[in-house]
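>>> when you get a sec, could you give me coordinates for this:
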Amino acid sequence: MVSMLLAVNWEPELRGLLTVVLGLIAFMGSVYLILGTNLGARLGFLVALTGLAGWMALMGAIWWIYGIGLKGEDPSWHQVPGRTVIQDPDGLYQAGVFEQRLAVSADAPLDVLADGIVDQFVDEGWRVVGEAEPAFGQAEASATVFLEEEGAFAPGEFDVTHVYEVGGEAYPKLFGLDALDQIAFFHKPYYTVVEVAPYLPLREEPGRAPSPPEIDSSRERQYVYMIRDLGSRREPAALITIGSTIVFLALCWMLHRRDRFVAENLERKALATSA
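This is a model prediction of the structure:
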């Protein structure tokens, strides 16, 4: 007995199974027992199942609206295969980030070249993400992981200077208005480019604190090209809501059809009795 109790307490799969079984018996079973004793076994089961489907539809709608409950995958950034880390400015055009080649010569000073790249991002419709925006920190964290995986930089060897994004617009929208996006279930691809600048090697002397990191102006910037996966956080809730609503409506139609048959049979019986 002690071993069984320990298994129930420590095995999450067994606890979950027992929770579902006890919930079915204690809650749904008790409701069906009351309905069955008053309406009959078959009609009580039909009424209990209809109530369950309606409750599931309401619960799924709340989950769908607020993005809670049973959730799918959260939004995240993914690598663009073969074009994740771009180590030279000309690679931005070759990777498809820019539609046109750089207007600034590759032989220009690095600070002029960096400013020209910023201007070209803006000219081609990319939005510069502010450092105070949450998207900046999220993109920085994902880019750091990709840079370390590719072996381009080690932790603490670079600084994120700019974050650019383009796409991600939802469609279709009613009358083209952003405020009327209730049916905007589709999105355009959402791309992000993170610009990083390498630091100068830190000078460490015994007995002294390390020097503050400084950007190495003699080395080119590098870029991390990512695509945003908007995830499917509300997809399970949407499927539950739609499926439960269909079942609820079908069961309501069955109850209505049964009531109509009962009314017709009672009317026939009354006519036969009066005759």
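
>>> list the helices and strands the helix or strand harbouring residue 17 packs on?
Using DSSP states H and E, residue 17 maps to helix 12-23. Contacts defined by 3 or more C-beta pairs under 8 Å, 6 or more residues apart in numbering; DSSP states H and E place helix 12-23 against helix 2-10. Using the backbone N, CA and C atoms, a C-beta is placed for each residue, glycine as well.

>>> what about the lengthiest helix in the chain, average pLDDT?
Longest helix in the chain, counting residues (DSSP state H): helix 235-274. Mean per-residue pLDDT for helix 235-274: 91.

>>> so which bits of it are buried?
Within helix 235-274, the residues that count as buried by 16 or more other C-beta atoms under 10 Å are 236-238, 240-241, 244-245, 247-248, 251.

>>> equivalent analysis for stretch 65-75, please.
Buried-residue list, stretch 65-75, by 16+ other C-beta under 10 Å: empty.

>>> send me it as CSV with only the CA atoms.
Coordinates of each C-alpha in stretch 65-75 appear next as CSV, following Å, rounded to 0.1, in the frame of the first residue of the first chain:
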residue,chain,number,x,y,z
ILE,A,65,-9.5,35.3,-26.5
TYR,A,66,-7.0,35.6,-23.7
GLY,A,67,-4.4,33.1,-24.9
ILE,A,68,-4.5,31.0,-21.7
GLY,A,69,-5.3,27.4,-20.9
LEU,A,70,-4.2,24.8,-23.4
LYS,A,71,-1.6,26.7,-25.5
GLY,A,72,0.4,25.8,-28.5
GLU,A,73,3.9,26.9,-29.3
ASP,A,74,5.0,30.4,-28.3
PRO,A,75,6.5,32.8,-30.8
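
>>> chain center to it: distance?
7 Å (C-alpha atoms, centre = their mean, to the nearest Å).

>>> do stretch 108-116 as well
38 Å.

>>> before we move on, what about stretch 105-124?
Taking C-alpha atoms, centre = their mean, one finds the center of stretch 105-124 at 34 Å from the center of the full chain.

>>> got the confidence number for residue 33?
87.

>>> got the buried residues for the helix or strand in which it is found?
If you go by DSSP H and E, residue 33 is part of helix 29-39. Under the neighbour-count criterion of 16+ other C-beta under 10 Å, helix 29-39 has 32, 35-36 buried.

>>> between that helix and helix 12-23, how big is the angle?
Orientation of helix 29-39 against helix 12-23 (axes from the mean of the first three to the mean of the last three C-alpha atoms, to 10 degrees) gives an angle of 20 degrees.

>>> circling back: so what secondary structure elements neighbour the longest helix of the chain?
Helix 235-274 packs on helix 41-66, going by 3+ C-beta pairs under 8 Å, 6+ apart.

>>> packing partners of the helix it packs on?
Secondary-structure packing of helix 41-66 (3+ C-beta pairs under 8 Å, 6+ apart): helix 29-39, helix 235-274.

>>> next secondary structure after it?
Criterion used, DSSP H and E; the element after helix 41-66 is strand 76-79.

>>> each with direction, which strands does that following strand pair with?
strand 222-229 (antiparallel) (DSSP bridges).

>>> how about the partner strand: buried residues?
222-226, 228.

>>> could the residues you listed go into TSV alongside pLDDT and distance to residue 105?
What follows is those, written out as TSV (pLDDT from 0 to 100; distance: C-beta to C-beta, whole Å):
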residue	pLDDT	distance to residue 105
222	90	19
223	93	19
224	93	24
225	94	23
226	94	28
228	88	32
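
>>> widest-spaced pair of those residues?
Across the buried residues of strand 222-229, the longest distance by C-beta to C-beta is 19.8 Å; it joins 222 and 228.

>>> taking helix 41-66 as reference, get the angle to the longest helix of the chain.
Helix 235-274 and helix 41-66 are oriented at 150 degrees to each other (the same axes, to 10 degrees).

>>> burial of residue 80, as a residue count?
20 (other C-beta atoms under 10 Å).

>>> just list whatever residues bridge to the nearest residue to it once chain neighbours are set aside.
With sequence-adjacent residues excluded and distances taken as C-beta to C-beta, 6 or more residues apart in numbering, residue 80 is closest to residue 225, at 4.7 Å. Taking DSSP bridges as the rule, residue 225 bridges to residue 193.
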